[in-house]
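Asks: heads up, no residue letters with this:
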């Protein structure tokens, strides 16, 4: 146990779900003395795992799998119905940043208020004040009331304060979905630095690039149970396949890791560094190795989807004047999409030489996020100029 930061032993968290619901005052009054019936729902069911000290540990799962409930039990927001959780060291949850902020106070006052909630002394906050504001990039807004801040500015301030609490263990939910790409990268740089300091980090996310880029090990939850535990690459693969069963891909059978055509799929920025976050029109590079088992030459297809499965773009190697392909090799596809803020997914396919028949399909093989400060609607960013005619 000396090297274990968190030990979860046969933990179950149950909720009572009422069979009848009365949303009006009249309905509640009429059934005031009626005995209500409930069913039991196990959001987390007999879950066990250990996280070693200094480990960057990922928890993934589809919506409703129990991962957020698990994280809240680790943070002691929920208590387990049964089982035990042992925490060895101090802990900071980055789950709901900004809890305790007062919108009527300035950023300056909220730094001291939120810092006190986190257990920081006034002297400590005064010493770190300039660093907090600088990291949040709010030097020009320090005396503005928080109610005038955008959600991204508030998250930046909350995160900048939270990282000052020098805890041994950090619990990280997808609290960084708000904010531009530069700040999100700064946050991940902080996580990497904290890991170098020997801190333990637990990340709950849908972002498989983040899992593969930062985590040492991960688990996957499904229906409240651990269905897989292992390397970030293996868990990411299982997660992506779980999101799209055979029927989602038009009845085409998914391939095992050993049978896959595409391997070592990595998303990079224009400097060839692995990346998860991009700005509109920033170049992203999808690199991968391929090993075709097909006896005839094939082409490769690429599709870009938004988070609600809207097809944003599709192309293939034949259109771009390369291929067809036999055997094995490696490839990089450079894209420069002009997209609004949001989460996006890339899918790869193997098609026949005529590009009319899909031979294999790999949905959501990787994902990324686009962040910007604009307030336009839709999928794409369109250049525009408005003027009033005389």
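Replies: Good, I have the coordinates. The shown structure was predicted, so the numbers you read here are calculated from the model rather than taken from an experiment.

Asks: Tell me how the chain divides into domains.
Replies: Following automatic domain parsing, one finds the domains of the chain at 4-232, 252-370.

Asks: Now mean pLDDT too, for the ones you listed, in TSV please.
Replies: As requested, those are exported to TSV (pLDDT from 0 to 100):
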stretch	mean pLDDT
domain 4-232	85
domain 252-370	85
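
Asks: Which parts of the stretch 101-250 of the chain are helices?
Replies: Ranges of helices within the stretch 101-250 of the chain are 107-117, 122-136, 151-162, 181-196, 208-214, 232-243, based on DSSP state H, counting those that start in this stretch.

Asks: Export the domains of the chain to CSV and append columns for mean neighbour count and distance to residue 381.
Replies: To be clear about C-beta, it is placed using only N, CA and C from the backbone, and glycine gets the same treatment. Putting the domains of the chain into CSV (neighbours: other C-beta atoms under 10 Å; distance: least, C-beta to C-beta, whole Å) gives the following:
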stretch, mean neighbour count, distance to residue 381
domain 4-232, 17, 14
domain 252-370, 16, 5
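
Asks: Now render those domains as a markdown table, adding distance to residue 385.
Replies: Below are those laid out as a markdown table (distance: least, C-beta to C-beta, whole Å):
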| stretch | distance to residue 385 |
| --- | --- |
| domain 4-232 | 24 |
| domain 252-370 | 16 |
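
Asks: I'd like to know which of the helices of the stretch 101-250 of the chain lies nearest to residue 370.
Replies: For residue 370, the closest of the helices of the stretch 101-250 of the chain is helix 181-196, at 7.7 Å, according to C-beta to C-beta.

Asks: Show me what that closest one is packed up against.
Replies: Helices and strands touching helix 181-196, by 3 or more C-beta pairs under 8 Å, 6 or more residues apart in numbering; DSSP states H and E, are helix 151-162, strand 169-172, strand 200-204, helix 208-214, strand 277-278, strand 358-370.

Asks: Quick one: closest of those to residue 127.
Replies: Of those, nearest to residue 127 by C-beta to C-beta is helix 151-162, at 13.4 Å.

Asks: Provide the angle between the direction of that closest one and the direction of helix 122-136.
Replies: 140 degrees (axes from the mean of the first three to the mean of the last three C-alpha atoms, to 10 degrees).

Asks: Put together CSV for the helices and strands packed on helix 181-196, with distance to residue 17 on each row.
Replies: Shown next, in CSV, are these (distance: least, C-beta to C-beta, whole Å):
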stretch, distance to residue 17
helix 151-162, 32
strand 169-172, 26
strand 200-204, 23
helix 208-214, 31
strand 277-278, 38
strand 358-370, 31
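
Asks: Would you tell me which of the ones you listed gets closest to residue 92?
Replies: Using C-beta to C-beta, these put strand 169-172 closest to residue 92, at 5.4 Å.

Asks: helices and strands around the closest one, which ones?
Replies: strand 91-94, helix 181-196, strand 200-204.

Asks: closest one to residue 284 among these?
Replies: Here helix 181-196 is closest among the helices and strands packed on strand 169-172 (C-beta to C-beta), at 11.1 Å.
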